[in-house]
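K.L.:
Got a predicted model here, sequence first, then my questions.
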Amino acid sequence: MSKLCGCFGRLLLIALLGGAVLVAPWRPLEAGRKRLESLPPLVYASDTPWIWISPAEIAALPASGASFDALLDEADEPFAAVPNLGDERDRGNIRMLAKAYAFVRTGVPRYRQDVVEALFHAMGTEDAGRTLGLGRNLLAVLISAQLVGFESTLWGPLFAQWLAAVRTEELLDGRNLIETHEDRPNNWGTYAGASRMAADLYLRDFEDFEDAVRVFRGYLGDGAAWSGFEYGLDLSWHADPANPVPVNPLGATILGFSVDGVLPDDQRRAGPFQWPPPVSNYPYGALQGAVAQAVIAGRHGHPAWGLGDAALVRALRWLRDQMGAPIQGDDAWLAHTVNHFCGTDFPAPVPAPPGKNMGWTDWTHPSP
C-alpha cells in the first residue's frame with residue numbers, strides 16, 4: 001500500500017499546501033532552532049472524541065502538589081531530539097504528553113508550541129522502526145495532539161493523512177499496527193491495540209475502533225469476539241495448551257500451582273513453566289498496553305474492567321502474589337489507574353514515574 005509517510009510523503013504534503021511550511025532541521029531550542037509559524041488560536045471541534053481525558057476534566061485537576069510538580073518538571077525540559085515513533089526506547093512521547101497537560105492546565109503558550117513543533121517533525125520517524133516502537137509511542141502522541149488542537153492548525157490535514165496511512169504501514173518486523181494488535185497476544189499486541197484505538201478516535205474512524213475493541217475483548221477471554229491470535233511455540237504457561245488464551249482463566253492451575261491471571265505469551269519469555277516462577281517484566285509491559293486499552297474502551301462506552309473475570313486485576317495480583325514482583329518503577333502508573341477504576345489497593349507512589357506508553361496518571365487518574 002502506498003503511504004504518505006517518511007520524508008517523501010512529508011515533502012509531498014507540504015507541496016500540496018503550496019509550500020506554506022518551512023521544514024527546519026531539528027535542533028534543541030537552545031541552539032536556535034527555527035520555529036514554525038505562529039499558531040492560530042486554540043479551537044477544539046465540538047465533536048472531538050477525547051481519547052483519554054478532556055480539557056474540561058484537566059481544568060478540574062489540582063495545579064499544585066507532588067504529582068503536578070513532577071509533571072511540570074518534565075514539561076519544562078526541552079526535547080533533545082525529534083520524538084522517534086519507531087524507537088521503543090524513546091521517551092519523547094511521555095515528555096510531549098507532559099507538555100500537553102501543562103498547556104491545558106496552565107495556559108502557558110510555549111508548551112503548546114513545543115508540542116505542535118514536535119508533532120510536525122515526528123511524522124515519518126516510524127519508518128525505521130518496528131511496530132513495538134509505534135505501539136508504545138503513538139498513544140501519548142495522539143492524546144497530546146488532541147489537547148493542543150493540532151487538527152485545527154495548518155498542519156492538521158497533513159497529520160491526519162499520515163495517521164490514516166500509518167495504521168497499515170508495514171514496518172521492519174513485517175507487520176503493521178493493526179496486524180500486530182490482531183496477531184500478537186503479548187506486549188507487542190497490547191501496545192499496538194492502545195495506539196490503534198487512539199488513532200481510530202483521533203480520525204473518528206468508529207468502525208475500526210469497534211473492531212479494535214473486539215480484539216481487546218478477545219484478549220481478555222471473549223473468544224467469540226476475537227480468537228485470531230498467533231501464539232509462541234512454548235505453551236507451557238497455558239493452563240490448557242490445547243486451547244491457548246492470552247490470559248489464563250479464573251482458578252487456573254498447573255501441577256497444583258496457581259496460574260490464574262498469567263499472561264502466558266509474555267511469561268514464556270522468562271523460560272518454560274517452573275516453580276517458583278521466574279521474574280519477568282514482559283507481563284508488566286503487556287499490562288501497560290492492556291490497561292490503556294481498558295481506559296479508552298471504558299471511556300467510549302465499552303465495559304472493560306470486569307471482562308474475563310476482572311482479568312487485568314487478576315494478572316496484577318498473580319505478578320505480586322505468585323511471582324513476587326509487585327508494581328514498581330515505570331509500571332507505577334498502572335497501580336493508580338487500576339486502583340482508580342477498580343477500587344483495588346495496589347501500592348501507588350506519589351509522584352509516580354511515567355511508563356513506556358503512558359504516564360502522569362497519579363495526577364489524571366489517582367488512586368482513591
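P.N.:
It's in.

K.L.:
In terms of helices and strands, where is the residue lying closest to residue 344 once chain neighbours are set aside?
P.N.:
Leaving aside its chain neighbours, residue 344 sits nearest to residue 338 (5.5 Å; criterion: Cβ to Cβ, 6 or more residues apart in numbering). Where C-beta positions appear, they are placed from N, C-alpha and C, glycine not excepted. Remark: residue 338 resides in helix 332-342, with elements defined by DSSP states H and E.

K.L.:
How far does that helix sit from its chain's centre?
P.N.:
15 Å (Cα atoms, centre = their mean, to the nearest Å).

K.L.:
which is the next helix or strand following that helix?
P.N.:
With DSSP H and E, the next secondary element past helix 332-342 is helix 361-364.

K.L.:
So which bits of that following helix are buried?
P.N.:
361-364 (16 or more other Cβ atoms under 10 Å).

K.L.:
quick one: which two of the residues you listed are the most distant?
P.N.:
362 and 364 (8.0 Å; Cβ to Cβ).

K.L.:
what residue ranges in this structure score low on pLDDT?
P.N.:
Residue ranges of the chain with pLDDT under 70: 1-37.

K.L.:
Kindly recompute the last result at 90.
P.N.:
1-41, 43 (pLDDT under 90).

K.L.:
still on that earlier bit, packing partners of the helix holding residue 338?
P.N.:
helix 282-299, helix 307-321, helix 361-364 (3 or more Cβ pairs under 8 Å, 6 or more residues apart in numbering; DSSP states H and E).

K.L.:
What is the second one packed up against?
P.N.:
When contacts are defined as 3+ Cβ pairs under 8 Å, 6+ apart, helix 307-321 sits against helix 282-299, helix 332-342.

K.L.:
residues of that helix that come out buried?
P.N.:
So, applying 16+ other Cβ under 10 Å, buried residues of helix 307-321: 307-308, 310-319.

K.L.:
Equivalent analysis for the first one, please.
P.N.:
Of the residues in helix 282-299, those with enough neighbours to count as buried (16+ other Cβ under 10 Å) are 282-297, 299.

K.L.:
The nearest residue in space to residue 42 that is not next to it in sequence: what's it in contact with?
P.N.:
Nearest non-adjacent residue to residue 42, counting by Cβ to Cβ, 6+ apart: residue 149, 4.7 Å away. Residue 149 is in contact with 42-44, 112, counting by Cβ atoms under 8 Å, 6 or more residues apart in numbering.

K.L.:
what ranges do the strands span in the protein?
P.N.:
253-254, 257-258 (DSSP state E).

K.L.:
Just give me how far the first one sits from the chain centre.
P.N.:
Taking Cα atoms, centre = their mean, one finds the center of strand 253-254 at 32 Å from the center of the full chain.

K.L.:
Can you give the strand pairings for it, parallel or anti for each?
P.N.:
Sheet pairing for strand 253-254, assigned by DSSP bridges, gives strand 257-258 (antiparallel).

K.L.:
what residues does the strand it pairs with touch?
P.N.:
Outside strand 257-258, the residues touching it (Cβ under 8 Å, 6+ apart) are 252, 275, 318, 322.

K.L.:
so how many other residues sit close to the residue lying closest to residue 268 once chain neighbours are set aside?
P.N.:
Nearest residue to residue 268 in three dimensions, chain neighbours excluded: residue 234, at 4.4 Å (Cβ to Cβ, 6+ apart). When neighbours are defined as other Cβ atoms under 10 Å, residue 234 has 16 of them.

K.L.:
can you check residue 156 too?
P.N.:
What residue 156 shows, counting by other Cβ under 10 Å, is a neighbour count of 14.
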